[in-house]
Each structure stands twice: as structure tokens, then as C-alpha cells.
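Novice: need a structure here:
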Amino acid sequence: MNMNTAASLNRSTATPFDQKRAGKQGLRLHIDEFAWVWVGTAILFAISAIVAPGTVTKGALFAMLPFAGILAIVSVGMTVVIQQRGLDMSAPGMVSLAGIVAAEVGFATGSMVLALVATFAMAAAVGMINGLLTARVNITPLIATLAVNALLIGGVRAITGNSPVAVPEGVQAFAKQDLLGLPSSLWLAVLFVVIVAVITKRTLVGRRFVAVGINPRTSTAAGIMTLRYQVGAYVLSAVCFALGGILLAGYIGNASHTAGNDYLLPAIAAVVIGGTPFTGGKGSVVASAVAALFMAQLAQLVLALGAGPSMQLLVQALAILLAVTIRMLPDLFKNR
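Specialist: Numbers count the residues shown, from 1 in each chain. Next comes the predicted model:
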């Protein structure tokens, strides 16, 4: 009996109940992979309403949403890099440097457009360096991007002298403006998430991007230019970090060498909580963005309960461990 005959026999002997149960199991696995973060976020807001009602008032939510949008943008960049089996530890330096460059160019030229162009060009160049170091030179992403981050922080300190830099009014207006009653950072986050999600899920480029993340060698054998996608992930990541840095500097009114320190661990946590694995390929920028909202509300809840910055870091670390543990439970029970 050949394989085709055996497969046909298996399908013919399967009862309708077995086929229906298999379909439900496949659907459940597909939904649970990235969608459980929506349930977790809803539960967090419900708990917040009971434990600290002040964190879910209109004023508190509108104060939190701009930072949630910035974190979501940074998380999008981190997600695409992790989908390529990488990790971008240069987020703090890029977020800080982007705000500084936008401020300095804005004051020097008097043009917000030139400030944005210069900042994004700088970010693309840094992202290309990260990508080439990891994909071409084969330096471990953790080491390569940490080294680049150190260079970026050093550049920021050399420019600012460790003092905050004022941000031009044009950049502040760009970051603080509202559209339909919601902050611009939130709308930009939604725009970035939709664009990246559509490209990665609905286009040939996106399918090749996922294929490269799953298995670079097989993709190369299939004729895909893997280096282009790997470096491109780091370029997009750096651009996302830069946009987050511009919005952060504009919203708070100044840029400093410490501005990006609070966006590395939360961004990685958002990716992990959203369900994107470090094994590459699969991923969801939508889930990461929702997880960014989760992280922002969690930080606000912890602050409302009187905890300090050290406790926030502990809670973020516990959130990562909990997310990984929950995702591993089905495999643990399956092996028994």
C-alpha cells in the first residue's frame, strides 16, 4: 500500500466526529497562540477597575495612551527583529539619540520636516549597521546591538553633556496633537501595526520574510535573498525606535541620554507576552501592540499601588516569565 492510498484510507475511515474535533483543536491552537493577550489585557483592566479605580478613569487613560502608543511602536520594531531570530538591544540608545537629533536639527534648520528626515536617515544607517554586523559578519545579535547601543549612548552624552535638550515647538506640536480625541502616538502606532501586519501576512515579501525567519538556509537554497530581509528587519526596527524617540521627546518637551532606558525591557516583554517566539518566523505585531497596552496599564497599576521603579522592573520580569510559562503548558501536558 503506497502513501497516497494510506492517506486516502485514513480520511475515509475518519468519522465526522473525529474530523470536527480535529478542526476545533486546530482552530483552538491557532487562536490561542496570539489572541490570549487580548483576554489578559481585558482581565488586567477589570482588575485595575477593582483594585485601583483611579487608573481606569478618563483622565488616567488619556495620560497613559500616549506612552502606550510609543511603546507599541517600539514593540513593532522589536517584533520584526525577533521574527528574524535576532534581538535589538540598541533601543535605549536609538530612542534617546532620535530625540536629540530631531531637536538639534530642528533648531538648526527651523524645519520639522528636515528634522524628521535627518532622524530617520540616521536611524536607517544605524539599523543597517546592526543588520550587517549580525547577518553578514555573524556576530551574535545580543553582542552586536549592545555594542552599537553603547556607541549611541556615548554619542548622546557627547552632544548633550549629560543635560536635557529642549525640543522645538514644531516637534512638540507633532507629538502632542490629537486626532478625533486620541493622541497622535496612538494613531501612528495603529498605522504602523496595520502596515506591517498587512505586509507580513498578505504579501509575497511578507511570506518570504517569514520563511527567512523560519529557516534562512532553506530560504537561501530556494533563491531568496536572505540578507536583504535580515538587514531590513534591523532597519525597520531602528526606524520604529527613532519614531518612538521623537514622539517621546516631543511629548515631554525635552530629550536626554536617559530617555530610552525605560523602553528596552518593556518592548521585549510586549513581544514575549504577545506570543512571538524567539525561534523566528512566526509573529504578530498586532499581539505585540496589544501587549504594549497591557504593559502600560500594568505600570500604571503598579504605580497607583505605591510601588517604586524597582518593583516595576520586577513586575515586568514576572510578566515575561508568566507569559513564557503559560505558552509552554500545553506542550508539557502533551508530553505526558
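Novice: can you map out the helices along the stretch 51-200 of the chain?
Specialist: Secondary structure of the stretch 51-200 of the chain (DSSP state H, counting those that start in this stretch): helices located at 58-83, 91-109, 112-131, 141-160, 169-176, 184-202.
Novice: Now do the buried residues in the shortest one.
Specialist: Buried residues in helix 169-176, counted by 16 or more other Cβ atoms under 10 Å: Gly170, Val171, Gln172, Phe174, Ala175, Lys176. C-beta coordinates here come from the backbone N, C-alpha and C atoms, glycine included.
Novice: Can I get the residues you listed in JSON lines including distance to Ala124 and pLDDT?
Specialist: Formatted as JSON lines, the buried residues of helix 169-176 follow (distance: Cβ to Cβ, whole Å; pLDDT from 0 to 100):
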{"residue": "Gly170", "distance to Ala124": "22", "pLDDT": "81"}
{"residue": "Val171", "distance to Ala124": "19", "pLDDT": "82"}
{"residue": "Gln172", "distance to Ala124": "24", "pLDDT": "85"}
{"residue": "Phe174", "distance to Ala124": "20", "pLDDT": "81"}
{"residue": "Ala175", "distance to Ala124": "21", "pLDDT": "83"}
{"residue": "Lys176", "distance to Ala124": "26", "pLDDT": "83"}
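Novice: Would you mind putting the CA coordinates of stretch 245-262 into CSV?
Specialist: Listed in CSV are the C-alpha atoms of stretch 245-262, where the atom choice follows Å, rounded to 0.1, in the frame of the first residue of the first chain:
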residue,chain,number,x,y,z
GLY,A,245,12.1,58.7,20.5
ILE,A,246,10.8,61.7,18.5
LEU,A,247,7.3,61.2,19.9
LEU,A,248,8.6,60.8,23.5
ALA,A,249,10.9,63.9,23.3
GLY,A,250,8.1,66.0,21.8
TYR,A,251,5.5,64.8,24.3
ILE,A,252,7.6,65.5,27.4
GLY,A,253,9.2,68.6,25.9
ASN,A,254,12.9,67.6,26.1
ALA,A,255,15.4,64.9,25.1
SER,A,256,18.0,63.3,27.3
HIS,A,257,20.5,60.5,27.3
THR,A,258,18.3,58.5,29.7
ALA,A,259,15.0,58.9,27.7
GLY,A,260,15.2,55.4,26.2
ASN,A,261,16.1,53.5,29.3
ASP,A,262,12.5,52.6,30.0
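Novice: All set, thanks.
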